[in-house]
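A.B. asks: mind looking at a prediction? Sequence and model below.
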Amino acid sequence: MRKLIFILSFFFVIFSFSPSIYEIIERKNLPAERTFVLEHNYMFDYNFYLSRIRQGMEGRWLVAEKYYNQPHSGSLFQVFYLFLGKLGGLGGLAPSVIYHASRVILGFVLLVLLGKFVSNFFTGIWQLVAYLFVVTAGSWPILVKVGNSFRFATYMGWWSVIDSLQRITIMPHILFGQIFLLLFIWRFSTFLDTPSRSHFVTPGRWPNGLLPGEFWRNGRWLFWGFMGFLVGIVFPPTLITVYAIFAVMTVLEYIVILNHVILNHVIPDLIRNPIGIQKLVQDDTKASVRHDSKLSVQDDKTRQLGITNIILPRIIFVLLSFPSLIYLQLMLKTTPWSALALFDVQHRMPIPYKEYFLALGPMLPLGVLGGLLVLKNREKKLLPVIAWVLGIFLLFAIFEKVPTQSPLRFTEAAIHIPLGILAVFLLQQLWRLGEKYRRRGIKVIAVITIITVITLGLGVMLSMVGWLTDQAYSKGKGTWLVPIGAQLVYPLSDFMDGIYYLRDNTDKNSVVLSYITAGNDIPAYAGNFVYIGHANTPDEDGKEKIAARFFKGEMSQDEAKEFLQKERISYIFFGPQEMELGSIDNLVSVYTFLTPIYNNSRVTIYK
């Protein structure tokens with residue numbers, strides 16, 4: 001089964017990456033005036049990540065905001081990409097290659113770990129079913145006609161992180177967060193280890209079989225705490241999600257353990273020997289090693305099952321990882337990093353819950369029914385999975401009231417994983433019910449449901465390949481000189497040549513003035529600071545208006561000089577978008593103090 005999971009993981013990663021492979025193959029058919037760049041998901045954010053990778057390649061240890069032109073302190077924001085740049089730079093890879101290779105590698109790691117994770121709950125064919133359910137879990141399909149054929153559209157198709165195909169190789173920092181979300185839940189779950197392990201913690205041991213002394217001696221507590229801190233820096237919503245899941249999981253485990261002790265030991269012992277129990281409570285030393293006496297169960301069992309042992313490792317994890325969130329909050333109060341928090345407040349994205357529930361597809365009703373069955377049957381091993389789902393919905397409820405963070409961000413917490421596992425548990429129990437009562441019809445229902453769900457999931461994924469390859473094809477046929485917003489087109493060769501000139505001939509600490517699109521590309525492909533170019537630019541809207549005035553020629557000579565000096569601008573990128581603002585072909589005709597240092601048919605760079 002391990003080899004099969006490995007092969008399937010490789011297949012699904014390539015399947016997810018296939019639209020990008022199609023783009024790479026088709027680049028030979030681009031018009032001569034266009035340059036191929038393999039943008040991913042959204043141009044403005046893709047370049048944002050590339051700018052961080054480039055900084056790592058250039059030797060920085062802290063991230064600078066290249067989309068801000070004034071001096072500022074470095075930060076750990078997106079430091080994950082900076083270190084990807086350092087690592088990839090050792091092999092002489094380009095920032096874009098590092099980014100896409102990270103998507104593939106991290107996506108593969110996540111799927112392989114996922115195959116191992118589901119083995120905690122299922123073996124044999126059911127492990128394979130659970131893996132396929134989780135990987136293919138997607139939206140209820142919407143049948144649409146495209147030309148002479150049909151395809152599936154999806155609910156919330158605009159939010160790529162929950163799409164069954166795209167999420168496999170989504171942005172590297174999200175994949176990194178999901179990998180450790182899975183590992184944290186796995187590591188700190190009381191009832192998880194291997195499929196053959198007893199539901200309860202081994203007497204005298206900590207969760208996952210660690211002796212109390214080992215927990216401190218082997219340094220694992222320090223390792224997991226550090227990884228929690230790192231995840232909090234790389235992708236804070238993951239760490240917040242882990243906290244919520246831990247809280248729900250702890251409550252559920254308390255209920256299960258105490259319920260088990262009370263119902264199976266305390267009450268029967270009280271009935272059998274109430275005097276002995278009272279004596280035991282008065283003298284707890286008699287309950288130390290009397291495993292052969294049922295009178296010792298109340299104290300000994302409670303201690304051995306480890307209510308304290310369940311909570312304390314999680315508390316230590318929180319104490320070691322929480323400073324990352326404190327650091328981020330402090331940084332969000334300083335310029336330019338405060339622009340990120342301000343953007344979330346000003347552009348808050350609510351969750352369209354009806355559409356979201358439909359986007360979760362058949363896994364939502366099947367998973368909910370499976371969860372109810374888990375609670376009814378008191379399946380302790382599946383408590384972490386229940387906690388995963390409840391923790392995410394708890395965060396939805398909390399952050400509906402928190403203006404600084406949209407609850408939509410927590411849809412990135414891979415809820416399809418626990419829902420898929422719970423759905424398979426439901427169908428497994430249905431199958432066993434059919435076997436127990438020798439009802440073939442019940443087993444047929446289970447099999448038909450499994451085949452239907454996986455087939456629909458694969459159909460949605462295959463349709464998404466079609467949508468994305470169509471998008472790539474139309475991108476090659478686009479006629480916009482410079483894309484803006486949701487426009488898709490490969491950049492002009494002359495446009496990119498101008499940016500490459502900046503890369504090869506200017507100081508990376510110098511500031512370049514351009515308009516929006518070039519301002520977004522320059523930090524990614526040249527490494528300079530820019531005046532505007534991304535939502536993380538403080539006062540981006542106000543700066544766009546000022547830049548537009550400059551390129552329209554509305555500033556006087558003195559005003560323009562003062563503006564350029566105040567904003568520390570050394571170079572001016574004058575391309576198609578900048579020319580369109582004022583219908584000016586030559587900025588020297590307006591600002592005579594400028595000196596052209598590079599030009600081609602589409603771009604002039606001034607100093």
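C.D. replies: Good, I have the coordinates. A quick note: this is a predicted structure, and the numbers were derived from the prediction, not measured.
A.B. asks: so where's the stretch 201-350 of the chain shaky on pLDDT?
C.D. replies: Low-confidence segments of the stretch 201-350 of the chain (pLDDT under 70): 201-219, 257-310.
A.B. asks: then the chain?
C.D. replies: Within the chain, the ranges that satisfy pLDDT under 70 run 190-219, 257-310.
A.B. asks: at the geometric centre of it, which residue do we find?
C.D. replies: Geometric centre of the chain, nearest residue: residue 174, 2.2 Å, by CA atoms, centre = their mean.
A.B. asks: show me what the helix ranked longest in the chain is packed against.
C.D. replies: As assigned by DSSP state H, the longest helix anywhere in the chain is helix 440-477. Applying 3 or more CB pairs under 8 Å, 6 or more residues apart in numbering; DSSP states H and E, one finds that helix 440-477 makes contact with helix 2-26, helix 125-136, strand 149-153, helix 363-377, helix 416-436. (Each C-beta comes from the backbone N, C-alpha and C, glycine too.)
A.B. asks: for residue 517, find the nearest of those.
C.D. replies: Closest to residue 517 of these is helix 2-26 (CB to CB; 19.7 Å).
A.B. asks: list the contacts of the helix or strand following that closest one.
C.D. replies: Following helix 2-26 in sequence order, the next helix or strand is helix 43-57 (DSSP states H and E). With CB atoms under 8 Å, 6 or more residues apart in numbering as the test, helix 43-57 has contacts from 39-40, 63-64, 66-67, 78-79, 81-89, 95-96, 98-99, 171-173, 483, 520-521, 523-525, 527, 534-536.
A.B. asks: just the CA atoms of helix 43-57, as PDB, please.
C.D. replies: Output of helix 43-57 as PDB, limited to C-alpha atoms (Å, rounded to 0.1, in the frame of the first residue of the first chain):
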ATOM      1  CA  MET A  43       0.000  37.900 -11.200                       C
ATOM      2  CA  PHE A  44       0.300  40.500  -8.400                       C
ATOM      3  CA  ASP A  45       0.800  38.000  -5.600                       C
ATOM      4  CA  TYR A  46       3.000  35.700  -7.700                       C
ATOM      5  CA  ASN A  47       5.400  38.600  -8.300                       C
ATOM      6  CA  PHE A  48       5.200  39.500  -4.600                       C
ATOM      7  CA  TYR A  49       6.500  36.000  -3.700                       C
ATOM      8  CA  LEU A  50       9.200  36.100  -6.400                       C
ATOM      9  CA  SER A  51      10.500  39.400  -4.900                       C
ATOM     10  CA  ARG A  52      11.000  37.600  -1.600                       C
ATOM     11  CA  ILE A  53      12.800  34.600  -3.200                       C
ATOM     12  CA  ARG A  54      15.100  37.100  -5.100                       C
ATOM     13  CA  GLN A  55      16.000  38.800  -1.900                       C
ATOM     14  CA  GLY A  56      17.200  35.400  -0.500                       C
ATOM     15  CA  MET A  57      19.300  34.900  -3.600                       C
END
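A.B. asks: any idea how far it is from the middle of the chain?
C.D. replies: When distances are taken as CA atoms, centre = their mean, to the nearest Å, helix 43-57 is centred 17 Å away from the chain's centroid.
A.B. asks: check stretch 533-548 too.
C.D. replies: 27 Å.
A.B. asks: just the strands in the protein please.
C.D. replies: Along the chain, counting by DSSP state E, strands occupy 142-146, 149-153, 511-513, 529-530, 569-574, 596-599, 604-606.
A.B. asks: need these in a markdown table with mean neighbour count and distance to residue 237, can you?
C.D. replies: Output for these, formatted as a markdown table (neighbours: other CB atoms under 10 Å; distance: least, CB to CB, whole Å):
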| stretch | mean neighbour count | distance to residue 237 |
| --- | --- | --- |
| strand 142-146 | 11 | 28 |
| strand 149-153 | 14 | 27 |
| strand 511-513 | 24 | 32 |
| strand 529-530 | 26 | 28 |
| strand 569-574 | 23 | 35 |
| strand 596-599 | 15 | 43 |
| strand 604-606 | 22 | 40 |
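A.B. asks: do a quick rundown of the helices in the stretch 451-600 of the chain.
C.D. replies: For the stretch 451-600 of the chain, applying DSSP state H, counting those that start in this stretch gives helices covering 493-505, 516-525, 540-551, 557-566, 576-582.
A.B. asks: what comes into contact with the first one?
C.D. replies: Contact partners of helix 493-505, identified using CB under 8 Å, 6+ apart, comprise 32-35, 37, 481-482, 512, 518, 521-522, 525-528, 571, 573, 575-576, 598, 600-605.
A.B. asks: and the last one, by the same measure?
C.D. replies: Among residues not part of helix 576-582, those counted as contacts by CB under 8 Å, 6+ apart are 481-482, 484, 492, 495, 514-518, 548, 551-554, 585, 602-603.
A.B. asks: buried sites along that helix?
C.D. replies: 576, 577, 578, 579, 581, 582 (16 or more other CB atoms under 10 Å).
A.B. asks: please save the CA atoms from that helix in CSV.
C.D. replies: Extracted as CSV, the C-alpha positions of helix 576-582 are listed here (Å, rounded to 0.1, in the frame of the first residue of the first chain):
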residue,chain,number,x,y,z
PRO,A,576,3.2,51.3,-22.5
GLN,A,577,1.0,51.8,-19.4
GLU,A,578,2.9,54.9,-18.3
MET,A,579,2.6,56.4,-21.9
GLU,A,580,-1.2,55.8,-22.0
LEU,A,581,-1.7,57.9,-18.9
GLY,A,582,-0.8,61.2,-20.5
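A.B. asks: got the buried residues for stretch 543-550?
C.D. replies: With burial defined by 16+ other CB under 10 Å, the residues of stretch 543-550 counted as buried are 543, 544, 547, 548, 549, 550.
A.B. asks: check contacts around the fifth one.
C.D. replies: Looking back up the chat, that one is residue 549. Counted by CB under 8 Å, 6+ apart, residue 549 has contacts residue 555.
A.B. asks: show me what counts as buried in stretch 15-30.
C.D. replies: Buried residues in stretch 15-30 (16+ other CB under 10 Å): 15, 16, 17, 18, 19, 20, 23, 27, 30.
A.B. asks: picking that back up, distance to residue 349 for the buried residues of stretch 543-550 - can I get that in TSV?
C.D. replies: Output for the buried residues of stretch 543-550, formatted as TSV (distance: CB to CB, whole Å):
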residue	distance to residue 349
543	23
544	22
547	27
548	27
549	31
550	32
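A.B. asks: out of those residues, who's nearest residue 326?
C.D. replies: Distances from residue 326 to the buried residues of stretch 543-550, taken by CB to CB, are shortest for residue 543, at 30.4 Å.
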